[in-house]
Structure formats: C-alpha cells, structure tokens
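Peer 1: Have a look at this fold, sequence not included:
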C-alpha cells in the first residue's frame with residue numbers, strides 16, 4: 001500500500017514540476033536516460049561548444065548547514 005501511495009504522489013508532483021525543469025537536466029526524469037545526455041553532449045560538441053559539465057550532487061546536502069528545528 002505504501003508503494004502505491006508513493007507512486008501516486010510521485011506521478012502527481014511530476015506533472016506539476018517536471019515542465020519547470022531545465023531541458024538539460026537528465027537525472028531521474030521520465031523518458032530521459034544517461035544515453036540521451038551523452039547524445040546531447042555530442043550534439044553540443046558538433047555545434048562548436050568546447051565544454052561539457054557533469055555535476056553530481058549526491059553528497060552535496062550532507063555538507064549544507066541547516067538550522068535545527070526548535071522542537072529538537
């Protein structure tokens with residue numbers, strides 16, 4: 001039951017927020033694969049761009065200072 005509720009919420013929120021994301025964002029997006037990101041990078045290189053940037057924010061939020069909640 002939990003999985004069903006999570007998926008329902010996920011689908012609902014995706015419809016709202018996915019259209020607001022950058023077209024250059026390929027991480028954890030529906031119908032976008034890592035292979036699509038590589039193809040897009042190749043397209044940019046063929047257009048004359050000389051830089052490709054890959055950013056992984058996996059551990060980023062572990063290092064961000066966050067205020068403690070008053071109730072803790």
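Peer 2: That came in fine, so what should we check first? Not measured: the values here are computed from a predicted model.
Peer 1: Can you report how many residues lie near residue 13?
Peer 2: Other residues within reach of residue 13, judged by other Cβ atoms under 10 Å, total 10. In this view, the C-beta of every residue, glycine as well, is placed from N, C-alpha and C.
Peer 1: Quickly find the element holding it.
Peer 2: Taking DSSP states H and E as the criterion, residue 13 maps to helix 2-17.
Peer 1: Equivalent analysis for residue 61, please.
Peer 2: Using DSSP H and E, residue 61 falls in helix 60-63.
Peer 1: quick check: mean pLDDT across that helix?
Peer 2: Averaging pLDDT along helix 60-63 yields 79.
Peer 1: And the pLDDT for the spatially most central residue of the chain?
Peer 2: Note on the chain: the residue nearest the mean C-alpha position is residue 27, at 4.0 Å, using Cα atoms, centre = their mean. Note for residue 27: predicted pLDDT of 80.
Peer 1: Distance check, it against residue 46.
Peer 2: Separation of residue 27 from residue 46 (Cβ to Cβ, to the nearest Å): 23 Å.
Peer 1: Tell me how many other residues crowd the residue nearest to residue 14 when sequence neighbours are not counted.
Peer 2: What sits nearest to residue 14 in space, not counting adjacent residues and going by Cβ to Cβ, 6 or more residues apart in numbering, is residue 30, at 6.5 Å. Residues contacting residue 30 under the criterion other Cβ under 10 Å number 8.
Peer 1: how about residue 30, secondary structure?
Peer 2: coil (DSSP: H, G, I helix; E, B strand; the rest coil).
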